[in-house]
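Next input, structure requested:
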Amino acid sequence: MSKRPTQPDSARWAWSWRDYERRFGDRPERRARTVTVRLSDEDMARLAAMAAEAGTTSAKLAASIVREVLADDLAAHGEVAR
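The predicted structure follows:
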């Protein structure tokens, strides 16, 4: 995924799996859903700093966070992540 403005001169950013695949070439095997996360410039900077500290990219860290939140939510509702 890569970040890009959702609109010209916008503080909102969107991630695209197509852009991510072009850049990194390691798209997950099965794409079941598309997730859009809107981050402020400050949140994007925090995510980038956390990713640098973890030795990964912002996109991979964001995807990991979304997967963890989804798994926690499913567990809270008695379901299992697929």
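
Strands of the chain, start to end?
With DSSP state E as the definition, the chain shows strands at residue ranges 3-5, 13-15.

can you list the weak-confidence ranges in this protein?
The model of the chain has pLDDT under 70 over residues 1-33, 80-82.

Which stretches in it count as helices?
Taking DSSP state H as the criterion, the chain carries its helices at 17-24, 41-54, 58-76.

Just put those in TSV and tack on distance to V35.
In this view, the C-beta of every residue, glycine as well, is placed from N, C-alpha and C. TSV is the format used below for these (distance: least, CB to CB, whole Å):
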stretch	distance to V35
helix 17-24	9
helix 41-54	14
helix 58-76	6
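
for the ones you listed, which one sits closest to T34?
T34 lies closest to helix 17-24 among the helices of the chain, at 7.0 Å (CB to CB).

tally of neighbours for G55?
For G55, the count of nearby residues is 7 (other CB atoms under 10 Å).

Quick check: it vs I65, distance?
When CB to CB, to the nearest Å is applied, the distance between G55 and I65 equals 16 Å.

that older thread, make a markdown table out of the helices of the chain and add mean neighbour count and distance to T34.
Output for the helices of the chain, formatted as a markdown table (neighbours: other CB atoms under 10 Å; distance: least, CB to CB, whole Å):
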| stretch | mean neighbour count | distance to T34 |
| --- | --- | --- |
| helix 17-24 | 14 | 7 |
| helix 41-54 | 13 | 19 |
| helix 58-76 | 14 | 11 |
